[in-house]
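>>> Here's a sequence, model it:
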Amino acid sequence: MAGVDGDLLEEYLRRRKDLGTNWLGRMLAALLENTSARGSAAFNVIDDSGSFRAVYAKGFIGASIMNSTYSYDSGCHVGIGTGRTAPSRGDYRLQSEIARAPASARYTDGSDYVIVSAVFILGAGASVSEVGLYWRDGYNGWLFLLDRTVLPSPVAFPAGTPMLVAYKIAI
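Residues are numbered from 1 along each chain as shown. A predicted model of the protein is given here:
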């Protein structure tokens with residue numbers, strides 16, 4: 001099979017300081033898999049409370065994460081924290097979360113990325129050293145971590161000052 005330079009890809013993966021989680025990989029696989037009419041596609045996660053969950057990515061029932069706002073808001077949230085431990089694919093929440101907010105997402109036709117972002121206004125100043133991208137299931141309200149990034153150095157978030165945190169996701 002033809003592909004990109006394997007050594008270059010391995011070097012990139014080795015150097016990364018942010019990791020998409022296993023939960024993100026499972027979610028994307030379930031979403032991209034062809035599913036028959038009246039079928040469903042599910043994947044397993046550990047949510048931000050540490051509980052094991054079977055999540056329906058799609059299906060003809062109301063409980064699928066991609067088409068339900070039955071009981072809760074649905075979609076991405078961004079979290080910020082003060083944790084410094086290196087990320088791992090098994091992370092299910094930020095190490096030391098201090099705030100979380102619903103995210104907005106935008107794509108401009110012809111661009112190479114989608115931007116998912118949230119604005120934070122903290123009551124007390126903080127040095128933010130980790131950010132996380134979460135997904136909220138609109139049927140059950142479960143929240144699970146898609147990505148945890150530990151910043152190379154902390155960023156000062158002054159009290160009362162709007163601060164934008166954005167994920168730029170290449171497509």
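
>>> Going along the chain, name the strands of the chain.
18-20, 40-46, 52-59, 75-81, 97-102, 104-107, 113-120, 126-136, 143-157, 163-170 (DSSP state E).

>>> Which among the ones you listed is found nearest to R89?
Of all these, it is strand 18-20 that lies closest to R89, at 5.6 Å by C-beta to C-beta. Any C-beta I mention is one placed from the backbone N, CA and C, and that applies to glycine too.

>>> that older thread, save the strands of the chain as JSON lines, and put in distance to S88, mean neighbour count and mean pLDDT too.
Formatted as JSON lines, the strands of the chain follow (distance: least, C-beta to C-beta, whole Å; neighbours: other C-beta atoms under 10 Å; pLDDT from 0 to 100):
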{"stretch": "strand 18-20", "distance to S88": "7", "mean neighbour count": "17", "mean pLDDT": "62"}
{"stretch": "strand 40-46", "distance to S88": "12", "mean neighbour count": "18", "mean pLDDT": "84"}
{"stretch": "strand 52-59", "distance to S88": "17", "mean neighbour count": "17", "mean pLDDT": "81"}
{"stretch": "strand 75-81", "distance to S88": "15", "mean neighbour count": "21", "mean pLDDT": "93"}
{"stretch": "strand 97-102", "distance to S88": "16", "mean neighbour count": "17", "mean pLDDT": "96"}
{"stretch": "strand 104-107", "distance to S88": "26", "mean neighbour count": "12", "mean pLDDT": "86"}
{"stretch": "strand 113-120", "distance to S88": "21", "mean neighbour count": "17", "mean pLDDT": "90"}
{"stretch": "strand 126-136", "distance to S88": "12", "mean neighbour count": "22", "mean pLDDT": "94"}
{"stretch": "strand 143-157", "distance to S88": "8", "mean neighbour count": "18", "mean pLDDT": "94"}
{"stretch": "strand 163-170", "distance to S88": "18", "mean neighbour count": "15", "mean pLDDT": "90"}
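
>>> Which one of the ones you listed lies nearest to G90?
Using C-beta to C-beta, these put strand 40-46 closest to G90, at 7.9 Å.
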